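Participant: make a model of this:
(chains A and B)
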Number of protein chains: 2
Amino acid sequence: MTDPFWVGIDVGGTKVLAGRVDAAGRVARVVRLPSGGPSAPVELLEQTLTEALARVCAGATPTGVGVAAAGLVDAVGEVVSFAPHLPWRDADVRTRLSARWGVPVALENDATCAVWAEVEHGALVGVSDALMVALGTGIGGGLVVGGHVVRGAGGMAGEFGHMQVVPDGRPCPCGLTGCWERYCSGSALAMAAGPRFGSGPAITDAARADDEGALAAFDEVGRWLGVGVANLVAAVDPSVVVIGGGVSAADDLLLVPAARALRTHLVAAADRRLPELVVAHHAENAGVVGAAVLARRLTQR
Amino acid sequence: MTDPFWVGIDVGGTKVLAGRVDAAGRVARVVRLPSGGPSAPVELLEQTLTEALARVCAGATPTGVGVAAAGLVDAVGEVVSFAPHLPWRDADVRTRLSARWGVPVALENDATCAVWAEVEHGALVGVSDALMVALGTGIGGGLVVGGHVVRGAGGMAGEFGHMQVVPDGRPCPCGLTGCWERYCSGSALAMAAGPRFGSGPAITDAARADDEGALAAFDEVGRWLGVGVANLVAAVDPSVVVIGGGVSAADDLLLVPAARALRTHLVAAADRRLPELVVAHHAENAGVVGAAVLARRLTQR
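Facilitator: Model (predicted):
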C-alpha cells in the first residue's frame, strides 16, 4: 500500500505541468506536456490533462487532484470564467474533471495556487498576514490574511499588476495606463535592460558580471518593486512579503534596491516593524504544489 | 431591570465622545467633553473618559466599554503604541481602564472602529469582502475580509492615505510625497476649492448652488477617489466600497465622479461585477458605535 498523495496540474497557455505531491509538499514524478493554447478544442486540452494525470499516477490512485488555471476562477472554485490563454469559456471545469477522473477536484487560479504553496510548504508557513508579489511577464500574487489566501468577492483579488503607479504612464495591454507591471516585471526588466540581452537570465548573468546596463535595469525594476510593495504594505500591514516568479531568481539584485525603496516609501517606516522581504521557496512547481495543497485541503475537510 | 448596553468612547485629539449603545447598535445619551490634546497629563485624559462614562451610564452598569483611540493600537488590542494627538505613549490602556472601571474594555484604533460600525450596523451588514475609505483631514478606513476588519500583523492595516499615487508628487506631513490623501480628502477638497470657502460644508453648499469652482473641486477630489479605489479594488476585489468621513456628506457630488474614475481605472472593468460605491451609514458617531460593537464582541465570546 502506498502513502496517500495528491496531484497538482498547472494549466498554462503553452504547457501543462503535472506533479505528484505528498502530504509534506514534496513533488515527485513531474510530467510536462504542451497545452495547445487558446485555439485548441476544450476536449483536446482536457485529454492532455487526463494523460498528464495518468502518467504521474502510474496506476496508483490520488486522494484528490488540484487544477491551477491561468485564468479567472469564480468565487466558489467551480468555473473558469475568463482565461485569455486557454480554451475554457465559462466552463464548469471542476465538476466535469471530477466526473471524468472519479476523484475530488479542486480548481483555483494559478497565482492564488502559488501563494498557497508558500503558505503551506514555503516562505509563509505559520505566517498570519502576508503578501506575495510574483514577477513574470506581468505581476501575479496574493494577500494572506489569517493564514488564508484572500480570493475577494468575485475571485479576482491579487491583481496588483494593474494598480496605477504613474498617472497617464506607460500604456498597458489591459487598456489602462501607468500599471505597476509596466514598471516592475520580467517584461519591464527586459525593456529597462534594452535589446542587448536575449532573456531574463542573460540580464541576471550580465549583472552578476557587473554589466552597468544590467545593474541599472535591476535597480530601476527593484525600486519600482519597493514603491509598489510600500503601497500594499500601507494597506494590509503584512509581516512578510514574498517575491516570486521568474525574476525572483535574481535574488539580491532585485531585493536590495526593493528593500531600500520600501524603507523610503512606507508610511511611518521608522515607527514600525518593517516586513521581511524574502524570495519564494517554490519556482516552476509553485502552481503544481499549490493546486495539490488545495486538493488536500478539500479532501481533508 | 434595564436591557444590556455597551458604551463606546471615541477619544480624539480635541474631543471625547461617549455614547450608550444597545444590542441593535442604536445610540442613546451622547456626551461630548474636550480631550485636552497631546500635552494634557494622561491622568487628566483618563479622568475625562471616566466622567464621560459615568454620565452616559447614569448609575446603570454597562456590559462592556469600547475605546476608539485616534492612534495606533498594538496587534492584540492592549496598548496605544503611538498617538500623535493624545498623551498616551506605549500605554497599557486596556488593562488600566478595565481595572479602573471594573468592566471588560475593548481597545481599537478609531478608523478600524468606524469600519466595524458599518460591518455590524451599517452599509456592510452581511457583506463578506469590502473596503471602507473615510475622507476627513486625511484618509482613514479599512479592509473587510470574511466579514472581519483586517488589522494586519502590527495593527497598522488600512493606512490607505499614504499609498503613493503620484511619483514625486505633493509633499505630505508624513514625510513622503505624492500620498493619496494629498489629492483626496477634506484637506485636498479645501485646497482644490481655494480660499473663498471657509469650510467643507460651505464648499458643498456652493456646489449645490452650481458654483463652478466648488463643482470642479469635487470633480477633482472625486476623480482621485475613484483612481485610488480602483487600485484597492484590483488588490482585494470587494463587493462593496463604503465612503465615509465628513466629506461623504456631499454624497453624489463626490460619488458620481468617483464612480466614473473607478470604471475607467479598474482592470477588466467590462468583465467583472463592479463593486457598489455607497456612503457610510454612520457619521460623527461611527467611532462610538464601532467601539461599542467591539466591547459587545468581547463580552459575548
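Participant: so what's the residue most central in space within chain A up against?
Facilitator: Chain A has residue A:111 as the residue nearest its centroid, 3.3 Å off, counting by Cα atoms, centre = their mean. Applying Cβ atoms under 8 Å, 6 or more residues apart in numbering or on different chains to residue A:111 gives the contacts A:134, A:140, A:141, A:142, A:158. No exception for glycine: its C-beta is placed from N, CA and C like everyone else's.
Participant: out of those residues, who's near chain B?
Facilitator: Subset of the contacts of residue A:111 in contact with chain B: residue A:158, counting by Cβ under 8 Å from any Cβ of the partner chain.
Participant: which of the contacts of residue A:111 fall in strands?
Facilitator: Using DSSP state E, the subset of those located in strands is A:134, A:140, A:141, A:142.
Participant: what's the neighbour count on residue A:4?
Facilitator: Around residue A:4 there are 15 other residues, counting by other Cβ atoms under 10 Å in any protein chain shown.
Participant: which non-adjacent residue is nearest the residue of the stretch 1-150 of chain A found nearest chain B?
Facilitator: Residue nearest to chain B within the stretch 1-150 of chain A: residue A:129 (4.2 Å; Cβ to the nearest Cβ). Excluding the flanking residues, the one nearest residue A:129 by Cβ to Cβ, 6 or more residues apart in numbering or on different chains is residue B:153, at 4.2 Å.
Participant: verify the stated contact: the one you found with residue A:276.
Facilitator: No - in this structure residue B:153 lies outside contact range of residue A:276 using Cβ atoms under 8 Å: 10.3 Å.
Participant: so between those two, which is more surrounded?
Facilitator: More neighbours surround residue B:153 than the other of residue B:153 and residue A:276, with 20 against 14 (other Cβ under 10 Å).
Participant: residue contacts, the more buried one?
Facilitator: Contacts of residue B:153 (Cβ under 8 Å, 6+ apart): A:128, A:129, A:237, A:238, A:239, A:273, A:275, B:75.
Participant: in chain A, which helix or strand is least confident?
Facilitator: Ranked by mean pLDDT, DSSP states H and E, the weakest helix or strand in chain A is strand A:80-82, scoring a mean of 87.
Participant: tell me the domain ranges of chain A?
Facilitator: As recorded under automatic domain parsing, the domains making up chain A are A:6-114+A:285-299, A:126-279.
Participant: let me know the angle separating the helix or strand harbouring residue A:218 from helix B:212-236.
Facilitator: Element membership of residue A:218 [criterion: DSSP states H and E] is helix A:212-236. Per axes from the mean of the first three to the mean of the last three Cα atoms, to 10 degrees, the angle that helix A:212-236 makes with helix B:212-236 is 100 degrees.
Participant: who are the packing partners of helix A:212-236?
Facilitator: strand A:130-135, helix A:186-193, helix A:200-208, strand A:240-244, helix A:252-265, helix B:212-236 (3 or more Cβ pairs under 8 Å, 6 or more residues apart in numbering or on different chains; DSSP states H and E).
Participant: let's see that with 6 Å instead.
Facilitator: Under the contact criterion of 3 or more Cβ pairs under 6 Å, 6 or more residues apart in numbering or on different chains; DSSP states H and E, helix A:212-236 touches helix A:186-193, helix A:200-208, helix A:252-265.
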